[in-house]
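>>> Next comes the sequence, and after it the predicted model I'd like to discuss.
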Amino acid sequence: MKNFLTVVLIVLCTGLYAQKDIDSLSYMLDKYKAADTIKVDLLNKLGYEYWVVDPSKSEVLGEQALELARELSYEQGKAFANRVIGVAHWTRGNYEEALEYLFEGLVIYKSINDPLGQANCLMNIGLVFSDQVNNEKALKYYFEAVDIFEELKKYDRIATTYNKIGTILLDEGKYDEAYNYLVKALNIHQNNGFKYGISEANNRLGLLFLRQKDYQRSLRHLLSSFNISKEINDRDGMARNLENLGYLYLGKNDYDSAIFYFEKGLDFAKEIKSKKWLKDIYQGMKLVYEQKGEFALALSYANKYNAMRDSLFNEEMATRIANMQTRIETVEKEKELELQGQQIALLEQEARFNNSLKWFLVIGLALILLIAYLVIKNQRTRIKKDRALYQSREELSKVELENARLRKEELELELNYKNKELTSYTMNFIQKNELIKELKEAIQKIIKGADAGMRKDLNKLIRLIDSTIGVDKDWENFKLFFEQVHQDFFDQLKAEFPELTGSDLKLCALVRLNLSMKETSALLGISAESVKTARYRLRKKLNLESGENLMDFLIGFNQPKSA
(Lines give C-alpha, C1' and ligand atoms only; values in the text may rest on other atoms or scores of the structure.)
Protein backbone atom coordinates (compact mmCIF):
# COMPACT_ATOMS: atom_id res chain seq x y z
CA MET A 1 0.00 0.00 0.00
CA LYS A 2 2.83 2.38 0.81
CA ASN A 3 4.52 1.76 -2.57
CA PHE A 4 1.20 2.19 -4.37
CA LEU A 5 0.60 5.49 -2.56
CA THR A 6 4.06 6.70 -3.58
CA VAL A 7 3.31 5.94 -7.25
CA VAL A 8 -0.01 7.81 -7.01
CA LEU A 9 1.68 10.88 -5.54
CA ILE A 10 4.36 10.85 -8.25
CA VAL A 11 1.71 10.63 -10.97
CA LEU A 12 -0.33 13.50 -9.55
CA CYS A 13 2.72 15.71 -9.10
CA THR A 14 4.30 15.15 -12.52
CA GLY A 15 1.08 15.36 -14.56
CA LEU A 16 2.61 13.33 -17.42
CA TYR A 17 -0.47 11.32 -18.33
CA ALA A 18 -1.91 11.53 -21.84
CA GLN A 19 -4.82 9.70 -23.40
CA LYS A 20 -2.94 6.40 -23.43
CA ASP A 21 -2.71 6.55 -19.63
CA ILE A 22 -6.48 6.44 -19.02
CA ASP A 23 -6.32 2.70 -18.38
CA SER A 24 -3.50 3.20 -15.86
CA LEU A 25 -5.40 5.90 -14.01
CA SER A 26 -8.55 3.75 -14.01
CA TYR A 27 -6.58 0.83 -12.59
CA MET A 28 -5.05 2.98 -9.85
CA LEU A 29 -8.44 4.49 -8.97
CA ASP A 30 -9.97 1.01 -8.75
CA LYS A 31 -7.19 -0.17 -6.41
CA TYR A 32 -7.18 2.94 -4.23
CA LYS A 33 -9.82 2.43 -1.52
CA ALA A 34 -9.26 5.35 0.87
CA ALA A 35 -11.77 8.23 0.62
CA ASP A 36 -9.23 11.06 0.96
CA THR A 37 -7.79 13.95 -1.04
CA ILE A 38 -5.64 11.59 -3.13
CA LYS A 39 -8.78 9.85 -4.40
CA VAL A 40 -10.27 13.27 -5.25
CA ASP A 41 -7.14 14.08 -7.28
CA LEU A 42 -7.31 10.72 -9.07
CA LEU A 43 -10.98 11.23 -9.97
CA ASN A 44 -10.27 14.75 -11.24
CA LYS A 45 -7.23 13.68 -13.25
CA LEU A 46 -9.10 10.81 -14.89
CA GLY A 47 -12.10 13.09 -15.58
CA TYR A 48 -9.77 15.65 -17.19
CA GLU A 49 -8.24 12.98 -19.45
CA TYR A 50 -11.70 11.69 -20.44
CA TRP A 51 -13.21 14.95 -21.68
CA VAL A 52 -11.86 14.58 -25.24
CA VAL A 53 -12.77 10.87 -25.32
CA ASP A 54 -16.11 10.67 -23.52
CA PRO A 55 -17.42 13.97 -22.07
CA SER A 56 -20.31 12.20 -20.30
CA LYS A 57 -17.84 9.98 -18.43
CA SER A 58 -15.77 13.07 -17.66
CA GLU A 59 -18.81 14.73 -16.06
CA VAL A 60 -19.58 11.65 -13.92
CA LEU A 61 -16.00 11.48 -12.61
CA GLY A 62 -16.02 15.23 -11.91
CA GLU A 63 -19.29 14.94 -9.96
CA GLN A 64 -17.81 12.11 -7.86
CA ALA A 65 -14.70 14.17 -7.17
CA LEU A 66 -16.78 17.23 -6.27
CA GLU A 67 -18.97 15.30 -3.83
CA LEU A 68 -15.97 13.76 -2.02
CA ALA A 69 -14.06 17.07 -2.01
CA ARG A 70 -17.05 18.77 -0.35
CA GLU A 71 -17.18 16.07 2.33
CA LEU A 72 -13.44 16.57 2.97
CA SER A 73 -13.60 20.41 2.68
CA TYR A 74 -10.80 20.03 0.09
CA GLU A 75 -10.92 23.37 -1.75
CA GLN A 76 -8.30 22.55 -4.40
CA GLY A 77 -10.21 19.39 -5.30
CA LYS A 78 -13.53 21.25 -5.42
CA ALA A 79 -12.09 23.88 -7.76
CA PHE A 80 -10.60 21.33 -10.17
CA ALA A 81 -13.80 19.22 -10.12
CA ASN A 82 -15.89 22.26 -11.09
CA ARG A 83 -13.51 22.88 -13.98
CA VAL A 84 -13.68 19.24 -15.14
CA ILE A 85 -17.50 19.28 -15.10
CA GLY A 86 -17.65 22.68 -16.77
CA VAL A 87 -15.37 21.64 -19.65
CA ALA A 88 -17.38 18.42 -20.11
CA HIS A 89 -20.60 20.48 -20.46
CA TRP A 90 -18.87 22.87 -22.89
CA THR A 91 -17.75 19.96 -25.09
CA ARG A 92 -21.37 18.80 -25.44
CA GLY A 93 -22.75 22.32 -26.07
CA ASN A 94 -24.41 22.74 -22.63
CA TYR A 95 -23.23 26.33 -22.28
CA GLU A 96 -25.26 27.53 -19.29
CA GLU A 97 -24.21 24.56 -17.15
CA ALA A 98 -20.60 25.00 -18.32
CA LEU A 99 -20.47 28.63 -17.17
CA GLU A 100 -22.11 27.79 -13.84
CA TYR A 101 -19.41 25.26 -12.92
CA LEU A 102 -16.48 27.22 -14.41
CA PHE A 103 -17.34 30.43 -12.55
CA GLU A 104 -17.72 28.42 -9.33
CA GLY A 105 -14.25 26.95 -9.93
CA LEU A 106 -12.83 30.43 -10.61
CA VAL A 107 -14.20 31.76 -7.30
CA ILE A 108 -12.63 28.87 -5.36
CA TYR A 109 -9.27 29.24 -7.12
CA LYS A 110 -9.25 32.94 -6.19
CA SER A 111 -10.12 32.15 -2.56
CA ILE A 112 -7.15 29.74 -2.23
CA ASN A 113 -4.82 32.07 -4.20
CA ASP A 114 -4.09 29.62 -7.04
CA PRO A 115 -3.23 31.83 -10.07
CA LEU A 116 -2.67 28.89 -12.45
CA GLY A 117 -6.10 27.49 -11.64
CA GLN A 118 -7.63 30.95 -12.13
CA ALA A 119 -5.98 31.35 -15.54
CA ASN A 120 -7.13 27.89 -16.69
CA CYS A 121 -10.72 28.69 -15.66
CA LEU A 122 -10.56 32.07 -17.41
CA MET A 123 -9.40 30.39 -20.61
CA ASN A 124 -12.17 27.76 -20.37
CA ILE A 125 -14.80 30.47 -19.78
CA GLY A 126 -13.53 32.19 -22.92
CA LEU A 127 -14.17 28.95 -24.83
CA VAL A 128 -17.84 28.96 -23.80
CA PHE A 129 -18.38 32.59 -24.83
CA SER A 130 -16.54 31.92 -28.11
CA ASP A 131 -18.93 29.06 -28.94
CA GLN A 132 -21.82 31.41 -28.20
CA VAL A 133 -20.30 33.88 -30.71
CA ASN A 134 -19.75 36.45 -27.96
CA ASN A 135 -16.27 37.29 -29.22
CA GLU A 136 -15.84 40.42 -27.14
CA LYS A 137 -16.31 38.56 -23.86
CA ALA A 138 -14.30 35.57 -25.08
CA LEU A 139 -11.26 37.73 -25.95
CA LYS A 140 -11.53 39.52 -22.60
CA TYR A 141 -11.20 36.24 -20.69
CA TYR A 142 -8.51 34.91 -23.05
CA PHE A 143 -6.26 37.93 -22.59
CA GLU A 144 -6.77 37.89 -18.81
CA ALA A 145 -5.64 34.26 -18.87
CA VAL A 146 -2.59 35.07 -21.05
CA ASP A 147 -1.47 37.80 -18.62
CA ILE A 148 -1.43 35.30 -15.73
CA PHE A 149 0.23 32.54 -17.81
CA GLU A 150 3.00 34.97 -18.83
CA GLU A 151 3.66 35.91 -15.17
CA LEU A 152 3.90 32.20 -14.34
CA LYS A 153 6.00 31.48 -17.49
CA LYS A 154 3.52 28.75 -18.50
CA TYR A 155 4.35 28.80 -22.20
CA ASP A 156 2.32 25.69 -23.00
CA ARG A 157 -0.82 27.35 -21.62
CA ILE A 158 0.03 30.57 -23.46
CA ALA A 159 0.18 28.58 -26.70
CA THR A 160 -3.15 26.91 -25.96
CA THR A 161 -4.75 30.32 -25.40
CA TYR A 162 -3.13 31.67 -28.58
CA ASN A 163 -4.99 28.91 -30.43
CA LYS A 164 -8.28 30.18 -28.97
CA ILE A 165 -7.50 33.83 -29.80
CA GLY A 166 -6.49 32.83 -33.33
CA THR A 167 -9.79 30.99 -33.72
CA ILE A 168 -11.81 34.12 -32.88
CA LEU A 169 -9.74 36.31 -35.22
CA LEU A 170 -10.26 33.67 -37.91
CA ASP A 171 -14.04 33.79 -37.39
CA GLU A 172 -13.92 37.60 -37.65
CA GLY A 173 -12.08 37.37 -40.99
CA LYS A 174 -8.81 38.83 -39.62
CA TYR A 175 -6.73 36.20 -41.36
CA ASP A 176 -3.28 37.77 -41.02
CA GLU A 177 -3.64 38.32 -37.26
CA ALA A 178 -5.14 34.87 -36.85
CA TYR A 179 -2.27 33.28 -38.79
CA ASN A 180 0.34 34.96 -36.56
CA TYR A 181 -1.27 33.70 -33.33
CA LEU A 182 -1.78 30.19 -34.69
CA VAL A 183 1.78 29.84 -35.99
CA LYS A 184 3.16 31.02 -32.63
CA ALA A 185 0.94 28.48 -30.86
CA LEU A 186 2.04 25.67 -33.21
CA ASN A 187 5.76 26.45 -32.73
CA ILE A 188 5.46 26.43 -28.91
CA HIS A 189 3.46 23.19 -28.87
CA GLN A 190 5.93 21.50 -31.25
CA ASN A 191 8.85 22.53 -29.02
CA ASN A 192 7.03 21.10 -25.98
CA GLY A 193 5.79 18.00 -27.81
CA PHE A 194 2.19 18.68 -26.73
CA LYS A 195 0.25 16.65 -29.28
CA TYR A 196 -3.22 17.94 -28.46
CA GLY A 197 -2.01 21.54 -28.93
CA ILE A 198 -0.26 20.63 -32.20
CA SER A 199 -3.46 19.01 -33.45
CA GLU A 200 -5.56 22.01 -32.47
CA ALA A 201 -3.22 24.54 -34.13
CA ASN A 202 -3.11 22.47 -37.34
CA ASN A 203 -6.89 22.28 -37.36
CA ARG A 204 -7.26 26.05 -37.08
CA LEU A 205 -4.63 26.67 -39.77
CA GLY A 206 -6.44 24.17 -42.00
CA LEU A 207 -9.69 26.06 -41.40
CA LEU A 208 -7.94 29.39 -42.17
CA PHE A 209 -6.67 28.15 -45.53
CA LEU A 210 -10.08 26.59 -46.22
CA ARG A 211 -11.69 30.02 -45.76
CA GLN A 212 -9.12 31.41 -48.22
CA LYS A 213 -9.89 28.54 -50.66
CA ASP A 214 -6.27 27.37 -50.49
CA TYR A 215 -7.42 23.73 -50.50
CA GLN A 216 -4.00 22.11 -50.82
CA ARG A 217 -2.52 23.76 -47.71
CA SER A 218 -5.81 23.33 -45.87
CA LEU A 219 -5.89 19.58 -46.61
CA ARG A 220 -2.31 19.15 -45.36
CA HIS A 221 -3.04 20.79 -42.00
CA LEU A 222 -6.42 19.09 -41.50
CA LEU A 223 -5.05 15.61 -42.21
CA SER A 224 -2.13 16.25 -39.86
CA SER A 225 -4.58 17.35 -37.16
CA PHE A 226 -6.85 14.33 -37.74
CA ASN A 227 -3.96 11.84 -37.55
CA ILE A 228 -2.75 13.31 -34.24
CA SER A 229 -6.31 13.34 -32.85
CA LYS A 230 -6.63 9.68 -33.82
CA GLU A 231 -3.27 8.88 -32.20
CA ILE A 232 -4.28 10.43 -28.85
CA ASN A 233 -7.90 9.19 -29.14
CA ASP A 234 -9.29 12.74 -29.19
CA ARG A 235 -12.78 11.95 -30.48
CA ASP A 236 -13.88 15.56 -30.24
CA GLY A 237 -10.92 16.55 -32.42
CA MET A 238 -11.63 13.76 -34.91
CA ALA A 239 -15.27 14.90 -35.26
CA ARG A 240 -14.16 18.50 -35.79
CA ASN A 241 -11.53 17.57 -38.42
CA LEU A 242 -13.89 15.29 -40.31
CA GLU A 243 -16.44 18.10 -40.44
CA ASN A 244 -13.79 20.51 -41.80
CA LEU A 245 -12.67 17.94 -44.41
CA GLY A 246 -16.29 17.60 -45.50
CA TYR A 247 -16.51 21.36 -46.08
CA LEU A 248 -13.16 21.30 -47.90
CA TYR A 249 -14.38 18.74 -50.44
CA LEU A 250 -17.71 20.57 -50.67
CA GLY A 251 -15.74 23.66 -51.71
CA LYS A 252 -14.01 21.57 -54.38
CA ASN A 253 -17.42 20.25 -55.58
CA ASP A 254 -16.31 16.71 -54.76
CA TYR A 255 -19.67 15.76 -53.26
CA ASP A 256 -19.01 12.05 -52.71
CA SER A 257 -15.89 12.79 -50.65
CA ALA A 258 -17.71 15.53 -48.76
CA ILE A 259 -20.54 13.14 -47.85
CA PHE A 260 -18.01 10.48 -46.81
CA TYR A 261 -16.24 12.80 -44.36
CA PHE A 262 -19.47 14.35 -43.05
CA GLU A 263 -20.94 10.90 -42.32
CA LYS A 264 -17.76 9.78 -40.54
CA GLY A 265 -17.86 13.00 -38.52
CA LEU A 266 -21.50 12.35 -37.61
CA ASP A 267 -20.55 8.99 -36.10
CA PHE A 268 -18.00 10.58 -33.76
CA ALA A 269 -20.23 13.57 -32.94
CA LYS A 270 -23.12 11.27 -32.00
CA GLU A 271 -20.78 9.06 -29.97
CA ILE A 272 -19.59 11.97 -27.81
CA LYS A 273 -23.04 13.63 -27.92
CA SER A 274 -21.58 16.92 -29.20
CA LYS A 275 -24.44 19.18 -30.22
CA LYS A 276 -22.17 21.82 -31.79
CA TRP A 277 -20.48 19.40 -34.24
CA LEU A 278 -23.81 17.75 -35.08
CA LYS A 279 -25.25 21.17 -35.91
CA ASP A 280 -22.33 22.12 -38.19
CA ILE A 281 -22.27 18.73 -39.95
CA TYR A 282 -26.04 18.80 -40.57
CA GLN A 283 -25.56 22.21 -42.16
CA GLY A 284 -22.79 20.80 -44.39
CA MET A 285 -24.92 17.83 -45.47
CA LYS A 286 -27.76 20.22 -46.33
CA LEU A 287 -25.43 22.25 -48.58
CA VAL A 288 -24.07 19.10 -50.31
CA TYR A 289 -27.51 17.81 -51.24
CA GLU A 290 -28.68 21.28 -52.26
CA GLN A 291 -25.80 21.53 -54.73
CA LYS A 292 -26.45 17.98 -55.95
CA GLY A 293 -30.06 18.90 -56.56
CA GLU A 294 -31.38 16.29 -54.12
CA PHE A 295 -33.71 18.69 -52.37
CA ALA A 296 -35.63 16.16 -50.27
CA LEU A 297 -32.42 15.08 -48.52
CA ALA A 298 -31.33 18.72 -48.28
CA LEU A 299 -34.61 19.59 -46.55
CA SER A 300 -34.19 16.63 -44.17
CA TYR A 301 -30.76 17.82 -43.05
CA ALA A 302 -31.95 21.43 -42.91
CA ASN A 303 -34.62 20.34 -40.42
CA LYS A 304 -32.01 18.47 -38.36
CA TYR A 305 -29.75 21.53 -38.44
CA ASN A 306 -32.55 23.84 -37.32
CA ALA A 307 -33.57 21.45 -34.55
CA MET A 308 -30.00 21.17 -33.24
CA ARG A 309 -29.47 24.93 -33.49
CA ASP A 310 -32.65 25.55 -31.54
CA SER A 311 -31.59 22.95 -28.99
CA LEU A 312 -28.30 24.73 -28.46
CA PHE A 313 -29.50 28.32 -28.29
CA ASN A 314 -33.28 28.41 -27.71
CA GLU A 315 -34.33 25.33 -25.76
CA GLU A 316 -33.29 26.66 -22.36
CA MET A 317 -34.81 30.07 -23.07
CA ALA A 318 -38.07 28.49 -24.27
CA THR A 319 -38.31 26.43 -21.10
CA ARG A 320 -37.72 29.49 -18.97
CA ILE A 321 -40.39 31.44 -20.84
CA ALA A 322 -42.85 28.57 -20.43
CA ASN A 323 -42.13 28.34 -16.71
CA MET A 324 -42.43 32.10 -16.39
CA GLN A 325 -45.78 32.05 -18.22
CA THR A 326 -47.06 29.31 -15.91
CA ARG A 327 -45.99 31.31 -12.86
CA ILE A 328 -47.68 34.44 -14.27
CA GLU A 329 -50.92 32.53 -14.83
CA THR A 330 -50.75 31.08 -11.34
CA VAL A 331 -50.20 34.52 -9.80
CA GLU A 332 -53.11 35.89 -11.79
CA LYS A 333 -55.36 33.10 -10.51
CA GLU A 334 -54.21 33.73 -6.96
CA LYS A 335 -55.01 37.42 -7.38
CA GLU A 336 -58.39 36.50 -8.83
CA LEU A 337 -59.14 34.30 -5.81
CA GLU A 338 -57.99 37.04 -3.46
CA LEU A 339 -60.26 39.57 -5.21
CA GLN A 340 -63.19 37.18 -5.00
CA GLY A 341 -62.50 36.72 -1.29
CA GLN A 342 -62.61 40.47 -0.82
CA GLN A 343 -65.86 40.66 -2.77
CA ILE A 344 -67.36 37.92 -0.60
CA ALA A 345 -66.31 39.80 2.53
CA LEU A 346 -67.92 43.00 1.22
CA LEU A 347 -71.13 41.17 0.36
CA GLU A 348 -71.26 39.59 3.82
CA GLN A 349 -70.67 43.01 5.39
CA GLU A 350 -73.47 44.44 3.25
CA ALA A 351 -75.80 41.60 4.32
CA ARG A 352 -75.06 42.30 7.98
CA PHE A 353 -75.73 45.98 7.34
CA ASN A 354 -79.07 45.10 5.74
CA ASN A 355 -80.05 43.02 8.75
CA SER A 356 -79.13 45.85 11.09
CA LEU A 357 -81.03 48.32 8.96
CA LYS A 358 -84.07 46.02 8.99
CA TRP A 359 -84.10 45.98 12.79
CA PHE A 360 -83.65 49.71 12.85
CA LEU A 361 -86.67 50.10 10.61
CA VAL A 362 -88.74 47.79 12.82
CA ILE A 363 -87.85 49.86 15.89
CA GLY A 364 -88.53 53.04 13.97
CA LEU A 365 -91.87 51.64 12.91
CA ALA A 366 -92.77 50.91 16.51
CA LEU A 367 -91.91 54.45 17.49
CA ILE A 368 -93.93 55.80 14.59
CA LEU A 369 -96.94 53.72 15.73
CA LEU A 370 -96.65 55.32 19.14
CA ILE A 371 -96.52 58.80 17.65
CA ALA A 372 -99.44 58.69 15.33
CA TYR A 373 -101.67 56.28 13.51
CA LEU A 374 -102.02 58.58 10.49
CA VAL A 375 -98.24 58.88 10.04
CA ILE A 376 -97.97 55.08 10.10
CA LYS A 377 -100.77 54.77 7.56
CA ASN A 378 -99.09 57.26 5.21
CA GLN A 379 -95.69 55.56 5.51
CA ARG A 380 -96.87 51.92 5.23
CA THR A 381 -96.65 51.76 1.43
CA ARG A 382 -93.14 53.20 1.45
CA ILE A 383 -92.00 50.76 4.13
CA LYS A 384 -93.28 47.81 2.09
CA LYS A 385 -91.40 49.03 -0.97
CA ASP A 386 -88.19 49.49 1.02
CA ARG A 387 -88.56 46.03 2.50
CA ALA A 388 -88.94 44.48 -0.95
CA LEU A 389 -85.87 46.36 -2.14
CA TYR A 390 -83.75 45.14 0.76
CA GLN A 391 -84.95 41.56 0.27
CA SER A 392 -83.97 41.74 -3.41
CA ARG A 393 -80.51 42.97 -2.51
CA GLU A 394 -80.12 40.18 0.04
CA GLU A 395 -81.11 37.59 -2.55
CA LEU A 396 -78.62 39.13 -4.99
CA SER A 397 -75.91 38.88 -2.37
CA LYS A 398 -76.66 35.18 -1.89
CA VAL A 399 -76.48 34.56 -5.64
CA GLU A 400 -73.15 36.34 -5.86
CA LEU A 401 -71.85 34.32 -2.90
CA GLU A 402 -72.89 31.11 -4.62
CA ASN A 403 -71.18 32.19 -7.86
CA ALA A 404 -67.97 32.91 -5.96
CA ARG A 405 -68.17 29.47 -4.30
CA LEU A 406 -68.65 27.77 -7.67
CA ARG A 407 -65.67 29.66 -9.13
CA LYS A 408 -63.54 28.49 -6.21
CA GLU A 409 -64.61 24.88 -6.83
CA GLU A 410 -63.79 25.30 -10.51
CA LEU A 411 -60.24 26.40 -9.66
CA GLU A 412 -59.87 23.44 -7.28
CA LEU A 413 -61.00 21.08 -10.06
CA GLU A 414 -58.44 22.68 -12.38
CA LEU A 415 -55.67 21.98 -9.84
CA ASN A 416 -56.87 18.36 -9.51
CA TYR A 417 -56.84 18.04 -13.30
CA LYS A 418 -53.23 19.26 -13.43
CA ASN A 419 -52.37 16.73 -10.72
CA LYS A 420 -53.91 13.97 -12.87
CA GLU A 421 -51.99 15.24 -15.89
CA LEU A 422 -48.75 15.00 -13.88
CA THR A 423 -49.58 11.44 -12.76
CA SER A 424 -50.51 10.40 -16.32
CA TYR A 425 -47.37 11.92 -17.81
CA THR A 426 -45.18 10.29 -15.17
CA MET A 427 -46.71 6.85 -15.78
CA ASN A 428 -46.31 7.24 -19.54
CA PHE A 429 -42.71 8.35 -18.98
CA ILE A 430 -42.05 5.25 -16.84
CA GLN A 431 -43.76 2.88 -19.29
CA LYS A 432 -41.80 4.36 -22.18
CA ASN A 433 -38.44 3.86 -20.44
CA GLU A 434 -39.37 0.34 -19.27
CA LEU A 435 -40.42 -0.58 -22.80
CA ILE A 436 -37.16 0.82 -24.17
CA LYS A 437 -35.23 -1.13 -21.52
CA GLU A 438 -37.02 -4.39 -22.46
CA LEU A 439 -36.32 -3.67 -26.12
CA LYS A 440 -32.65 -3.11 -25.34
CA GLU A 441 -32.43 -6.39 -23.38
CA ALA A 442 -34.09 -8.26 -26.26
CA ILE A 443 -31.61 -6.80 -28.74
CA GLN A 444 -28.70 -7.72 -26.45
CA LYS A 445 -29.90 -11.35 -26.46
CA ILE A 446 -30.05 -11.27 -30.26
CA ILE A 447 -26.51 -9.86 -30.41
CA LYS A 448 -25.08 -12.99 -28.76
CA GLY A 449 -26.05 -15.15 -31.71
CA ALA A 450 -25.55 -12.58 -34.46
CA ASP A 451 -22.67 -12.29 -36.91
CA ALA A 452 -20.16 -9.41 -36.70
CA GLY A 453 -21.93 -7.17 -39.21
CA MET A 454 -25.30 -7.54 -37.55
CA ARG A 455 -23.75 -7.02 -34.08
CA LYS A 456 -22.35 -3.69 -35.23
CA ASP A 457 -25.76 -2.55 -36.49
CA LEU A 458 -27.49 -3.80 -33.35
CA ASN A 459 -24.95 -2.02 -31.11
CA LYS A 460 -25.68 1.20 -32.99
CA LEU A 461 -29.37 0.59 -32.35
CA ILE A 462 -28.64 0.08 -28.63
CA ARG A 463 -26.75 3.37 -28.52
CA LEU A 464 -29.70 5.06 -30.20
CA ILE A 465 -32.03 3.47 -27.62
CA ASP A 466 -29.79 4.65 -24.76
CA SER A 467 -29.92 8.19 -26.08
CA THR A 468 -33.75 8.20 -25.83
CA ILE A 469 -33.85 7.23 -22.12
CA GLY A 470 -34.38 10.24 -19.89
CA VAL A 471 -33.70 12.80 -22.65
CA ASP A 472 -33.62 16.45 -21.63
CA LYS A 473 -36.89 17.27 -23.47
CA ASP A 474 -38.76 14.54 -21.55
CA TRP A 475 -37.43 15.83 -18.26
CA GLU A 476 -38.26 19.43 -19.16
CA ASN A 477 -41.85 18.39 -19.99
CA PHE A 478 -42.02 16.46 -16.72
CA LYS A 479 -40.66 19.49 -14.85
CA LEU A 480 -43.31 21.72 -16.46
CA PHE A 481 -46.17 19.41 -15.36
CA PHE A 482 -44.63 18.94 -11.92
CA GLU A 483 -44.22 22.65 -11.15
CA GLN A 484 -47.80 23.38 -12.20
CA VAL A 485 -48.86 21.25 -9.24
CA HIS A 486 -45.95 21.78 -6.83
CA GLN A 487 -45.13 25.43 -7.37
CA ASP A 488 -41.58 26.65 -6.65
CA PHE A 489 -40.60 23.16 -5.42
CA PHE A 490 -37.20 23.18 -7.17
CA ASP A 491 -36.49 26.88 -6.45
CA GLN A 492 -37.14 26.44 -2.72
CA LEU A 493 -35.03 23.28 -2.54
CA LYS A 494 -32.15 24.93 -4.41
CA ALA A 495 -32.36 28.04 -2.20
CA GLU A 496 -32.15 26.05 1.06
CA PHE A 497 -29.77 23.37 -0.20
CA PRO A 498 -27.56 25.04 -2.86
CA GLU A 499 -25.31 21.97 -3.17
CA LEU A 500 -28.10 19.94 -4.82
CA THR A 501 -27.30 18.99 -8.42
CA GLY A 502 -29.72 18.67 -11.30
CA SER A 503 -29.80 14.90 -10.75
CA ASP A 504 -30.58 15.45 -7.05
CA LEU A 505 -33.55 17.69 -7.94
CA LYS A 506 -34.91 15.06 -10.33
CA LEU A 507 -34.70 12.44 -7.58
CA CYS A 508 -36.43 14.81 -5.11
CA ALA A 509 -39.35 15.20 -7.53
CA LEU A 510 -39.72 11.45 -8.00
CA VAL A 511 -39.58 10.80 -4.23
CA ARG A 512 -42.14 13.60 -3.73
CA LEU A 513 -44.47 11.66 -6.08
CA ASN A 514 -43.95 8.49 -3.95
CA LEU A 515 -42.63 6.45 -6.87
CA SER A 516 -41.24 2.97 -6.19
CA MET A 517 -37.58 2.02 -6.63
CA LYS A 518 -38.45 0.24 -9.87
CA GLU A 519 -40.34 3.23 -11.26
CA THR A 520 -37.58 5.65 -10.25
CA SER A 521 -34.99 3.35 -11.80
CA ALA A 522 -36.93 3.28 -15.08
CA LEU A 523 -37.26 7.06 -15.20
CA LEU A 524 -33.60 7.77 -14.43
CA GLY A 525 -32.25 4.96 -16.61
CA ILE A 526 -30.18 3.46 -13.76
CA SER A 527 -30.31 0.33 -11.64
CA ALA A 528 -32.41 0.03 -8.48
CA GLU A 529 -29.19 -0.27 -6.49
CA SER A 530 -27.98 3.03 -7.94
CA VAL A 531 -31.31 4.59 -6.93
CA LYS A 532 -30.73 3.42 -3.33
CA THR A 533 -27.24 4.95 -3.40
CA ALA A 534 -28.58 8.21 -4.85
CA ARG A 535 -31.31 8.38 -2.15
CA TYR A 536 -28.69 7.80 0.56
CA ARG A 537 -26.52 10.64 -0.79
CA LEU A 538 -29.57 12.87 -1.10
CA ARG A 539 -30.46 12.28 2.56
CA LYS A 540 -26.95 13.40 3.54
CA LYS A 541 -27.25 16.58 1.46
CA LEU A 542 -30.65 17.32 3.06
CA ASN A 543 -29.13 16.76 6.56
CA LEU A 544 -31.79 14.17 7.49
CA GLU A 545 -31.45 12.13 10.67
CA SER A 546 -31.55 8.34 10.42
CA GLY A 547 -35.15 8.18 11.68
CA GLU A 548 -36.52 10.87 9.33
CA ASN A 549 -38.51 9.74 6.30
CA LEU A 550 -37.26 11.27 3.03
CA MET A 551 -40.69 11.40 1.36
CA ASP A 552 -42.37 12.94 4.46
CA PHE A 553 -39.65 15.58 4.55
CA LEU A 554 -40.14 16.54 0.87
CA ILE A 555 -43.94 16.57 1.20
CA GLY A 556 -43.72 18.84 4.24
CA PHE A 557 -41.08 21.01 2.57
CA ASN A 558 -43.33 22.18 -0.27
CA GLN A 559 -47.07 21.83 0.25
CA PRO A 560 -49.19 22.58 -2.85
CA LYS A 561 -50.86 25.98 -2.77
CA SER A 562 -54.60 25.76 -2.15
CA ALA A 563 -56.87 27.26 -4.73
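Now that the structure is in, tell me what you want to look at. The structure displayed is predicted, hence computed values, not measured ones. Residues are numbered from 1 along each chain as shown.

>>> any idea where the helices of the stretch 1-150 of the chain begin and end?
Using DSSP state H, counting those that start in this stretch, the helices of the stretch 1-150 of the chain run over residues 2-14, 22-31, 37-50, 55-72, 75-91, 95-111, 115-131, 135-152.

>>> Could you say which of those helices is packed most deeply?
Neighbour counts (mean count of other Cβ atoms under 10 Å) averaged over each of the helices of the stretch 1-150 of the chain peak at helix 75-91, with a mean of 25. From N, CA and C alone the C-beta is placed, and that goes for glycine too.

>>> so what's the most centrally placed residue in the chain closest to, chain neighbours aside?
Of all residues in the chain, the one closest to the mean position by Cα atoms, centre = their mean is E97, 6.0 Å from it. Leaving aside its sequence neighbours, E97 sits nearest to H89 (Cβ to Cβ, 6 or more residues apart in numbering; 4.2 Å).

>>> circling back to that earlier point, dump the helices of the stretch 1-150 of the chain into TSV; add mean pLDDT and distance to I165 as well.
Listed next are the helices of the stretch 1-150 of the chain as TSV, based on pLDDT from 0 to 100; distance: least, Cβ to Cβ, whole Å:
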stretch	mean pLDDT	distance to I165
helix 2-14	39	29
helix 22-31	85	30
helix 37-50	91	22
helix 55-72	93	24
helix 75-91	94	17
helix 95-111	94	18
helix 115-131	93	9
helix 135-152	93	5
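
>>> re the thing from before, please report how far the residue nearest to the centre of the chain lies from T501.
The gap separating E97 from T501 is 10 Å, by Cβ to Cβ, to the nearest Å.

>>> check contacts around the residue nearest to the centre of the chain.
Counting by Cβ atoms under 8 Å, 6 or more residues apart in numbering, E97 makes contact with 86, 89, 502.

>>> and what of V375?
Taking Cβ under 8 Å, 6+ apart as the criterion, V375 is in contact with I368.

>>> pLDDT below threshold where in the stretch 401-550 of the chain?
In the predicted model, the stretch 401-550 of the chain carries pLDDT under 70 at residues 404, 409-431, 466-473.

>>> Tell me which stretches of it form helices.
Using DSSP H, counting those that start in this stretch, the helices of the stretch 401-550 of the chain run over residues 452-468, 472-485, 489-496, 502-512, 517-524, 528-541, 550-557.

>>> can I get these in a markdown table with distance to I363 and mean neighbour count?
A markdown table is the format used below for these (distance: least, Cβ to Cβ, whole Å; neighbours: other Cβ atoms under 10 Å):
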| stretch | distance to I363 | mean neighbour count |
| --- | --- | --- |
| helix 452-468 | 80 | 12 |
| helix 472-485 | 55 | 17 |
| helix 489-496 | 57 | 16 |
| helix 502-512 | 60 | 20 |
| helix 517-524 | 70 | 20 |
| helix 528-541 | 69 | 15 |
| helix 550-557 | 55 | 15 |
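
>>> Any chance of TSV for the helices of the stretch 1-150 of the chain, columns distance to K275?
As requested, the helices of the stretch 1-150 of the chain are arranged in TSV below (distance: least, Cβ to Cβ, whole Å):
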stretch	distance to K275
helix 2-14	33
helix 22-31	24
helix 37-50	18
helix 55-72	11
helix 75-91	10
helix 95-111	10
helix 115-131	10
helix 135-152	19
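
>>> Hmm, R157 is touching Q118, no?
No - applying Cβ atoms under 8 Å as the test, R157 and Q118 come out as separate, 11.6 Å apart.
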